[in-house]
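Trainee: Predicted model follows, preceded by the sequence.
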Amino acid sequence: MFGAPKKHAKEFSIFSIKVQSSAKESYSELFSKYKRWLVYSSLAWFTAGTTSMLTIFTPLILEKFATKSYVQMIHLTLIVWLFALSGAVVAALLHDYAGRKRLVVISFALLGVFYVLLGASLSKNAYVLELFLSLAMFFSFINVSGAYTIQTEVFPTELKGFAVTNSFKINSFILVLVI
């Protein structure tokens, strides 16, 4: 937000905080100097958006294709979420070792593979469907973890909030084009 530090200086003075407006929020700088990072972070968020689809539709997929009862669907959903939690833990452990970019790219590629396998297995064996859904959720959470960290690391501090906001806008634009 342009001019926000000046606008809120009075409120911050209550806490003895001096507000300095050093942010260089400009679209020309963002799109000229950081265009590559903006596209990269937007694509990372786009790929991370698949987690929302899995989160919302896992019980529905299981109920329709893999379960005979509500209780079984809950048990299978729990297994899927244990894989998701495992993916988040693996990502946290591998971020510094493997690198965020590599982690996001590899996890997204494997997520794509398991999406294709998941789609191909919908009318097949329920156990195969459960396995592919669980592995998709595992790689999805690795991907999300990488996307969150990428957003906070690729832009300089003075442009971070402005850049992240605009990468969300670009991500939304990409989603509209895809849908």
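Mentor: Sure, I can see it.

Trainee: pLDDT value on the residue positioned nearest the centre of the chain, please?
Mentor: The central residue of the chain, meaning the one whose C-alpha is nearest the mean C-alpha position (Cα atoms, centre = their mean), is Ala48 at 2.8 Å. Reading off the confidence values, Ala48 has pLDDT 73.

Trainee: Leu110 now?
Mentor: Confidence at Leu110, expressed as pLDDT, is 90.

Trainee: After the helix or strand containing it, which helix or strand is next?
Mentor: Secondary-structure assignment from DSSP states H and E places Leu110 in helix 100-120. Toward the C-terminus, helix 100-120 is succeeded by helix 126-153 as the next helix or strand (DSSP H and E).

Trainee: mind listing what's buried in that next one?
Mentor: Across helix 126-153, burial judged by 16 or more other Cβ atoms under 10 Å covers 129-147, 149-151. All C-beta atoms are positioned from the backbone trio N, CA, C, and that covers glycine.

Trainee: next one: stretch 33-45
Mentor: Residues of stretch 33-45 classed as buried by neighbour count (16+ other Cβ under 10 Å): 34, 37-38, 40-45.

Trainee: what comes into contact with it?
Mentor: Contact with stretch 33-45 is made by 30-31, 101, 104, 143, 146-147, 150-151, 154-155, 159, 163-164, 166-168, 170-171, 174, as judged by Cβ atoms under 8 Å, 6 or more residues apart in numbering.
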